[in-house]
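S.K.: Sequence and computational prediction follow.
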Amino acid sequence: MRIRRILAAVIATAALAGLGLTGAASAATTAQGAPSYVTPSQCRQGGGTVDLKDNLCKGGTHDGQKID
């Protein structure tokens, strides 16, 4: 009985660790995917400045994203 509990705990821990790694991998893939677009107001709200010459958001949380 004790072995079954330990085995169940090991399997549950491994499953949770696997989910964490898979989530991190999918987040990294999304971040490197197609370029995302932000509106000028989203750029400013994120702490950036709008560069209409290059159509980019400079600085802040949307740094380097294209302006739509």
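M.R.: Yep, it's here.
S.K.: Wait, Ser36 touches Ile67, no?
M.R.: No. The pair Ser36 and Ile67 does not pass the contact test of C-beta atoms under 8 Å, sitting 10.9 Å apart. In short, each C-beta sits where N, CA and C put it, glycine included.
S.K.: So which of the two has more stuff around it?
M.R.: Just comparing Ser36 and Ile67: by other C-beta atoms under 10 Å the higher neighbour count belongs to Ile67, 18 against 12.
S.K.: ok, the spatially closest residue to the more buried one that is not a sequence neighbour to Cys43 distance?
M.R.: Counting by C-beta to C-beta, 6 or more residues apart in numbering, Ile67 lies nearest to Asn55, which is 4.8 Å off, once chain neighbours are set aside. Distance, Asn55 to Cys43, using C-beta to C-beta, to the nearest Å: 11 Å.
S.K.: Mutual contacts of these two, please.
M.R.: Contact criterion C-beta atoms under 8 Å, 6 or more residues apart in numbering; residues shared by Asn55 and Cys43: Ile67.
S.K.: which residues of the chain fall in helices?
M.R.: 2-31, 40-45 (DSSP state H).
S.K.: Least confident of these, on average?
M.R.: Per-stretch mean pLDDT for those is lowest at helix 2-31 (a mean of 63).
S.K.: returning to what we had before: more neighbours: which of Asn55 and Cys43?
M.R.: Neighbour count, other C-beta under 10 Å: between Asn55 and Cys43, Cys43 has more, with 24 against 12.
S.K.: Please report the distance of Asp68 from Gly46.
M.R.: For Asp68, the distance to Gly46 - C-beta to C-beta - is 14 Å.
S.K.: and Tyr37, bridged to which residues?
M.R.: Lys66 (DSSP bridges).
S.K.: ok, it touching Gln65?
M.R.: Yes. At 6.7 Å, Tyr37 and Gln65 qualify as touching, with contact defined as C-beta under 8 Å.
S.K.: Give me the more crowded residue out of the two.
M.R.: Taking neighbours as other C-beta under 10 Å, Tyr37 and Gln65 compare with Gln65 leading, 20 against 13.
S.K.: show me the contacts for the more buried one.
M.R.: Pro35, Ser36, Tyr37, Val38, Cys43, Leu56, Cys57.
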